[in-house]
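**Student:** got a predicted model here, sequence first, then my questions.
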Amino acid sequence: MVVTESIRLRSYLFNYPVTRPRRLRSNVLIRNMVAETMLRPDDFIMPIFVREDINEPEPIKSLPGQYRWPLNDELLNFVDQLVSSGVRSVILFGIPEHKDEWGSSAYDEHGIIQRTIRFLKDSFEDKLIVMADVCLCEYTDHGHCGIVKRLPDGKYVVDNDSTIELYAKTAVTYAEAGVDVVAPSGMMDGQVKAIREALDRAGFSDVAIMAYSAKYASSFYGPFREAAASAPKFGDRRSYQMDPRNAHEALKEVAMDINEGADIVMVKPAMLYLDVIRLVKQNFPEVPLAAYQVSGEYAMLKAAIMNGWLDERKAVLESLIAIRRAGADLIITYFAKDVVNYLDEIEKLF
Ligand code: PBG
């Protein structure tokens, strides 16, 4: 493989100046003709935070331009704008009024996400794909993604097997509300299998699973945790999320999730893990791959844009093209709402 590539490269070099790449860069038409990477509105998934105890949208300080939405017409108008500008899909995150040790609001059939799914599916029917994140961290008072077991020596563990049962329960209540896709993000082992079995048993074999397969223990989730009030009160998530030093381990996580029934797999974050996106796509080209441009990646770009240090449209498009070029089929991004309005500028800006 390596040998063939180097022979091919050398033959190009020997042929200089017959090979002149600049010929295909001389004007915008020719650049567009040979462009390898495209972005379509269908590629994007817009994250939406819905909060239980508010009536007006609340700006999220660390995510300029993003809001926590109340479950009322404000949300409806916002989603209506999304749909009319071409966004086909949203992923929901809930901020409940009540939190407890077991995250019981997550699997309450009248919980904030269950009600939001019903509301959106009633209003938009087949015009919108409704996805919902399945995790406990927004619903537990301690902020961990699962059930915390205290050990006699004062330490604690986030218990895998009791947690995945609660994920399965949550997914079934989302399915009952009409969700199209559930997205388990807690990084517990066996979570996809537990959810798939529970959905099938309850008669929801058509509900798809988008698995957060290679989700890293990243500092770039900071703004999200502020937005969703979901930062752990003690400890951190390193005992369940992946170590940023590992790339190949992502293949094990992805393989397991596919084997357990994941329909779409995910790498998260995106811009800092382009190598992982490439690795996963090369090894599992047949499975749709999503990448999550996370809150910290959005905040980082936004901060520079707001300071006038980066050009918004060029920088945002370049970041999204990079994620697609690396191999992602779908991109979850807080820019989804705006970027679909200027996708046609790709052909002028590049
Ligand atoms: C829930 C979840 C998180 C994100 C998506 N789902 C937070 C976390 O794992 O701490 C982060 C998304 C973002 O930063 O934009 N587990």
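**Tutor:** On my side now, so go ahead.

**Student:** and the residue most central in space within the chain, which of the three is it?
**Tutor:** With distances taken as CA atoms, centre = their mean, residue 292 lies nearest the centre of the chain, 3.6 Å away. Put simply, residue 292 is strand when judged by DSSP: H, G, I helix; E, B strand; the rest coil.

**Student:** and the spatially closest residue to it that is not a sequence neighbour, how far is that from residue 186?
**Tutor:** Of all residues not flanking residue 292 in the chain, residue 268 sits nearest, at 3.8 Å (CB to CB, 6 or more residues apart in numbering). In short, each C-beta sits where N, CA and C put it, glycine included. Noted for residue 268: a distance of 12 Å to residue 186, by CB to CB, to the nearest Å.

**Student:** how about residue 260?
**Tutor:** On the measure of CB to CB, residue 260 and residue 186 end up 14 Å apart.

**Student:** which residues of the stretch 151-300 of the chain lie near the ligand?
**Tutor:** 185-186, 221, 224-225, 294-295 (CB under 6 Å from any ligand atom).

**Student:** ok so, going back, more neighbours: which of residue 260 and residue 186?
**Tutor:** Neighbour comparison, residue 260 and residue 186: the larger count goes to residue 186, with 24 against 19 (by other CB atoms under 10 Å).

**Student:** so what pairs up with the residue nearest to the centre of the chain in the strands?
**Tutor:** residue 332 (DSSP bridges).

**Student:** which residues sit in contact with it?
**Tutor:** 212, 266-270, 331-333 (CB atoms under 8 Å, 6 or more residues apart in numbering).

**Student:** of those, select the buried ones using a ChimeraX command.
**Tutor:** A single ChimeraX command selects the buried members of the contacts of residue 292 (16 or more other CB atoms under 10 Å):
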select :212,266,267,268,269,270,331,332,333
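
**Student:** with pLDDT as new columns, can the contacts of residue 292 be given to me in JSON lines?
**Tutor:** Below are the contacts of residue 292 laid out as JSON lines (pLDDT from 0 to 100):
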{"residue": "212", "pLDDT": "98"}
{"residue": "266", "pLDDT": "98"}
{"residue": "267", "pLDDT": "98"}
{"residue": "268", "pLDDT": "98"}
{"residue": "269", "pLDDT": "98"}
{"residue": "270", "pLDDT": "98"}
{"residue": "331", "pLDDT": "98"}
{"residue": "332", "pLDDT": "98"}
{"residue": "333", "pLDDT": "98"}
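
**Student:** dump the contacts of residue 292 to a markdown table, plus distance to residue 244.
**Tutor:** Output for the contacts of residue 292, formatted as a markdown table (distance: CB to CB, whole Å):
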| residue | distance to residue 244 |
| --- | --- |
| 212 | 15 |
| 266 | 16 |
| 267 | 12 |
| 268 | 12 |
| 269 | 9 |
| 270 | 13 |
| 331 | 20 |
| 332 | 19 |
| 333 | 20 |
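
**Student:** farthest pair in the contacts of residue 292?
**Tutor:** 212 and 333 (14.9 Å; CB to CB).

**Student:** closest residue of the stretch 1-150 of the chain to the ligand?
**Tutor:** Distances between the stretch 1-150 of the chain and the ligand by CB to the nearest ligand atom are smallest at residue 135, namely 3.9 Å.

**Student:** number of residues surrounding that residue?
**Tutor:** Counted with other CB under 10 Å, residue 135 comes out at 29.

**Student:** phi first, then psi, for it.
**Tutor:** In terms of degrees, to the nearest 10, the main-chain angles of residue 135 are phi -160, psi 170.

**Student:** in this structure it contacts residue 186, no?
**Tutor:** Yes: the pair residue 135 and residue 186 qualifies as a contact (CB atoms under 8 Å) at a distance of 4.6 Å.

**Student:** okay, and the common contacts of the two?
**Tutor:** The contact lists of residue 135 and residue 186 share 145, 167, where a contact means CB under 8 Å, 6+ apart.

**Student:** so who does residue 275 touch?
**Tutor:** Residue 275 neighbours (CB under 8 Å, 6+ apart): 247, 326.

**Student:** for it, give its distance to the ligand.
**Tutor:** Plainly put, residue 275 is 19 Å away from the ligand if you go by CB to the nearest ligand atom, to the nearest Å.

**Student:** helix or strand for that residue, which one?
**Tutor:** In this assignment (DSSP states H and E), residue 275 forms part of helix 274-283.

**Student:** which of the residues in that helix are buried?
**Tutor:** 274, 276-281.

**Student:** return the helix or strand in this structure with minimum mean pLDDT.
**Tutor:** Least confident helix or strand, the chain: helix 2-14 with a mean of 69, by mean pLDDT, DSSP states H and E.
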